[in-house]
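1. Predicted model, plus sequence, below.
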Amino acid sequence: MNVELKNIHKHFGSVHANKGINLNIPTGTIQGILGENGAGKSTLMKILSGFIQPDSGSEVFLDGKPVVMHSPADAIKYGVGMLHQDPLDFPPMKLLDNFLLGLPGGIFPNRKEATQDFSLLAREYGFTFDPENYVDSLTVGERQQLEIMRLLFLGARVFILDEPTTGISAGQKEKLFATLKKFPEQAMTVIFVSHKLEDVESLCDRVAVLRGGELVGETQPPYVTSKLVEMMFGKEITLGERQPVQTGGVVLSMKNVSLEDVRMKVKNVSLDVRAGEVIGLAGMEGSGQGMFIRACSGLMRPVGGRIELKDKDLTGKSYHTFKRAGVNFLPAARLEEGLVPGLNLTEHFILAEEPKGLFIDRMMGQQLAEERIKSFNIRGKPHSTVESLSGGNQQRAELALLQSPLSLVLLEHPTRGLDIESVIYIWSKLKDRCKTDGAAIIFISSDLEEILQYSDRVLVFFNGKVSAPLDAGKTTVEELGQLIGGKGWADKGEAHD
Amino acid sequence: MIKDRFGNLAYQLAALLLAFGVVSLILISVDASPSETYKNIFKGSFGEMRKFAEVLVAFVPLLLVTAGLLVTFSSGLWNIGVEGQVVLGAIATTWVYRLLLESGLPPGLIIALAILGGMVGGAIWAALAGILKVFGGVNEIFGGLGLNFVSTALTIYLIFGPWKRPGVASMSGTVPFPDEFSLPLLANLRISPWALVIAFVGIVVIYFLLQGTYFGLRLKAVGKNFRAAYLLGIPTWQYAMYSFLICGALAGAAGAVQVAAVYHRLIPSISSGYGYLGLMVAMLINYQALWAVPVALFFAALNIGSIQLPIVMKLDSSLSGVLQGVLVLFVLLAAGVRQKFGRKAQ
């Protein structure tokens, strides 16, 4: 099925997520969509699969006919099916029931017939499933296969796969690719959304790259990795001289730390961070850097290894123990995790002071708030609730909540969504704190320029792998981009320090 | 901000009018005159001193329960188990009475100990819901509901088992204790001024706790954003437990007053549903301590005023429950509409 997107626009409030995207995908091709976080890939795919509606003026054509899809159910009627990053299935149910769920039909499903169809389809694509088995006994890869079968059965002719190779084994990936490669023979179209350069290069017949909501280029094999990286992250921009700081004694020491959650394992990381040093963590969202930074703050317990703070063993201790030792964590989700909506600035500053006594000293609170608002240049009043502040001012408020004395600050996307003026201001404040308190900073950012500009050393994360610390003065956007995309790891190794 | 308050009041008033409108329609559908019904409810609650005293008798436990719930709601907990906490307060009070009646201690001291015992009993029952929540991962709504059933069963067991009346056990409860062991009543009325004092002390303490103390501020932070409160250094689960304990103690006090000042014994339905009614009051006042007194009084008046409806108008007295329920629904609905409307306007 031929898919044509014409002039696709989508606004979310003031954010322009898709800026007039035109893309023609011929029948029987495997189209790769590349782009970094926030490039607009997911928005575009959600539009194509009926999850969200584009702004007026945008047009979608299937086999030359204009279509308007109001829901995913609508989309599947037109033959467009989407395989989500997290399979949309029902783990406590049997495979067959899960399979029956999306089917149109009466009150009483014909289980016998469905079992036959199920087995037939599974054989055709080389899957081995027991329809009476339960979904929660399957691996992520098998659940993907199940979902693909369901979409096939519903008559999908266009398959959208959103980051399908995250969290599955190499063997399962091979199998998935083998399955997908059969689709073009039957005039089906595959759209493969990924940030993994290797996967895209080995699978796709053609690649389109999105950046900042725009389609910045299309290429066909043979692919030149450096060109893809350049399209994804843009040309290197010079942001002026970096200013390396004098570093002091070791603040944080990680020894063979291993972390695990359901999706990912990070193994044997060793790292020493010195006072005054800034470490940037690069990588696509969910590559392990979130687990890493949480482990540094005691919010995630390592499954192995030791974490020491200024020579004190804090392995397995709670965040509050880390906090007493001078570690502060500022999460990316400001209103969800960092601040308390409904409480005003004064109340936040009072809480952060951890005051003793029974009755609130309002005078002290008011004074404290006025002082902090002034010194952190927050546009708000002491009685302003935090949710009434703009993003930049919320971020400044979070910084104003940092405790003293401080030995380590952990930040997730400290400047995401902020204007350049706020970015510069926030970093100057952070660097000040580093200097006066002798604190180190570890931060996550998806903005490579920010990482190169402000960090002394950089760790790159890819699928749970951690690179050796790279000297930020010597590495380049190009090199980081390759590593983020999973290329060039052979000489970087996983062990370091 | 003033405009905001005013807008809020307008929505509340609209909700109030709508609630009375719907109940009036129900009344008309059964051929009863709404105006006469409301008049009878008013006469039955404020018409004479004796009836007003009855209203106060209902008002005391309701206010205590509401005060307790303000604490749990502030920390973001739905303490449905408050009903059982009232019951356990009553049971514990009865237990202390049974222990001390023959002890020869001065009656005043025994009463004080019995009421304290009730508060401890309620707090322990609340702590159970808290432990289930914090350590067992059981949502406090389910845990509380389960504990409510257990508390009812426990009451029945005690009345018909270990604490049964000599001779034959009966639904009328345990043996009443002598008059000098109950909270003194006002002359010829059923209300005890001491009970009123306990209730007002309860709500005033809670008001200042929530408005003026670091403790209250931390509780609110925990309730509004658990994650952020933790990152700000507040020991979140401990604060959740504290709020359960405080609410349980106040609910226990409500149960204690039911025993010490109203029934002078343990009866099967000792809580009279004040726990659930308190939940409605707390929701209706949008968790603002300042409004607890008038609204609890209003709800108590509805309860007492509707008692005579079956006699005067052949209407069931559950009408007050219908009115209270509809009122809460409309107020919540108004808040929802306001939020949606307000968001669109932005």
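-> On my side now, so go ahead. Numbering: from 1, shown residues only, chains lettered A, B, ... in the order given.
2. Report the distance from stretch B:276-283 to the chain centre.
-> Taking C-alpha atoms, centre = their mean, to the nearest Å, one finds stretch B:276-283 lying 7 Å from the centre of the chain it belongs to.
3. Over to stretch A:467-480?
-> 20 Å.
4. Show me what counts as buried in it.
-> A:S467, A:A468, A:P469, A:L470, A:A472, A:T475, A:V477, A:E478, A:E479, A:L480 (16 or more other C-beta atoms under 10 Å in any protein chain shown). C-beta coordinates here come from the backbone N, C-alpha and C atoms, glycine included.
5. who's in contact with A:M93?
-> By C-beta atoms under 8 Å, 6 or more residues apart in numbering or on different chains, A:M93 lies in contact with A:L101, A:Y134, A:V135.
6. my read: the first one touches A:L95, true?
-> No: in this structure, A:L101 sits apart from A:L95 without contact. The criterion is C-beta atoms under 8 Å, and the distance is 10.9 Å.
7. Break down the stretch 151-300 of chain A into its helices, ranges please.
-> A:170-182, A:197-203, A:225-233, A:289-296 (DSSP state H, counting those that start in this stretch).
8. So which residues lie in contact with the first one, not counting its own?
-> The contact list for helix A:170-182, computed with C-beta under 8 Å, 6+ apart, reads A:30, A:125-126, A:139-142, A:144-145, A:148, A:159, A:161, A:164-165, A:168, A:190, A:192, A:199, A:202-203.
9. rewinding a little: looking at the helices of the stretch 151-300 of chain A, which is buried most?
-> helix A:289-296 (a mean of 23; mean count of other C-beta atoms under 10 Å in any protein chain shown).
10. tell me what that helix is packed against?
-> Where contact means 3 or more C-beta pairs under 8 Å, 6 or more residues apart in numbering or on different chains; DSSP states H and E, helix A:289-296 is packed against strand A:250-260, strand A:265-274, strand A:278-282, strand A:327-330, strand A:408-412, strand A:440-444, strand A:457-462.
11. Each with direction, which strands does the last one pair with?
-> According to DSSP bridges, strand A:457-462 forms sheet pairs with strand A:278-282 (parallel), strand A:465-466 (antiparallel), strand A:470-471 (antiparallel).
12. For that strand, C-alpha coordinates in PDB please.
-> What follows is strand A:457-462, C-alpha atoms only, in PDB (Å, rounded to 0.1, in the frame of the first residue of the first chain):
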ATOM      1  CA  ARG A 457      33.700  14.400  30.700                       C
ATOM      2  CA  VAL A 458      31.000  12.600  28.900                       C
ATOM      3  CA  LEU A 459      29.500   9.100  29.300                       C
ATOM      4  CA  VAL A 460      27.500   7.700  26.400                       C
ATOM      5  CA  PHE A 461      24.800   5.200  27.000                       C
ATOM      6  CA  PHE A 462      23.400   2.800  24.400                       C
END
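13. For the residue nearest to A:L314 when sequence neighbours are not counted, give me its contacts.
-> Computed as C-beta to C-beta, 6 or more residues apart in numbering or on different chains, the closest residue to A:L314 that is not its neighbour in sequence is A:I307, at 5.6 Å. Contacts for A:I307 (C-beta under 8 Å, 6+ apart) come out as A:L252, A:S253, A:M254, A:K255, A:V257, A:A295, A:C296, A:D313, A:L314, A:T315.
14. Please point out which parts of the longest helix that chain B contains sit buried.
-> Ranked by number of residues, the top helix in chain B under DSSP state H is helix B:107-136. If you call a residue buried by 16+ other C-beta under 10 Å, then helix B:107-136 has these buried ones: B:107, B:110-111, B:113-130, B:132-134.
15. Equivalent analysis for stretch A:318-328, please.
-> A:Y319, A:H320, A:F322, A:K323, A:A325, A:G326, A:V327, A:N328.
16. any idea how far it is from the chain center?
-> 26 Å.
17. ok, back up a step: got the contacts of A:M93 as a markdown table, with pLDDT, neighbour count and secondary structure columns?
-> Formatted as a markdown table, these follow (pLDDT from 0 to 100; neighbours: other C-beta atoms under 10 Å in any protein chain shown; DSSP: H, G, I helix; E, B strand; the rest coil):
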| residue | pLDDT | neighbour count | secondary structure |
| --- | --- | --- | --- |
| A:L101 | 74 | 12 | helix |
| A:Y134 | 85 | 15 | strand |
| A:V135 | 82 | 19 | helix |
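18. residue ranges of the strands in the stretch 51-200 of chain B, please?
-> Assignment of strands within the stretch 51-200 of chain B using DSSP state E, counting those that start in this stretch yields no ranges at all.
19. Okay, helices next: where are they in it?
-> B:82-100, B:107-136, B:140-160, B:193-212.
20. Which among these is found nearest to chain A?
-> Distance to chain A, taken as C-beta to the nearest C-beta, is lowest for helix B:193-212 among the helices of the stretch 51-200 of chain B, at 5.4 Å.
21. Keeping just the C-alphas, turn the following helix or strand past the closest one into PDB.
-> Moving toward the C-terminus from helix B:193-212, the next helix or strand (DSSP states H and E) is helix B:214-224. Coordinates of each C-alpha in helix B:214-224 appear next as PDB, following Å, rounded to 0.1, in the frame of the first residue of the first chain:
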ATOM      1  CA  TYR B 214       5.600  22.600  59.800                       C
ATOM      2  CA  PHE B 215       4.000  19.200  60.400                       C
ATOM      3  CA  GLY B 216       0.900  20.300  58.500                       C
ATOM      4  CA  LEU B 217       2.900  21.800  55.700                       C
ATOM      5  CA  ARG B 218       4.800  18.500  55.300                       C
ATOM      6  CA  LEU B 219       1.600  16.500  55.400                       C
ATOM      7  CA  LYS B 220       0.200  18.700  52.600                       C
ATOM      8  CA  ALA B 221       3.300  18.300  50.500                       C
ATOM      9  CA  VAL B 222       3.100  14.500  50.900                       C
ATOM     10  CA  GLY B 223      -0.600  14.600  49.900                       C
ATOM     11  CA  LYS B 224      -0.100  16.900  46.900                       C
END
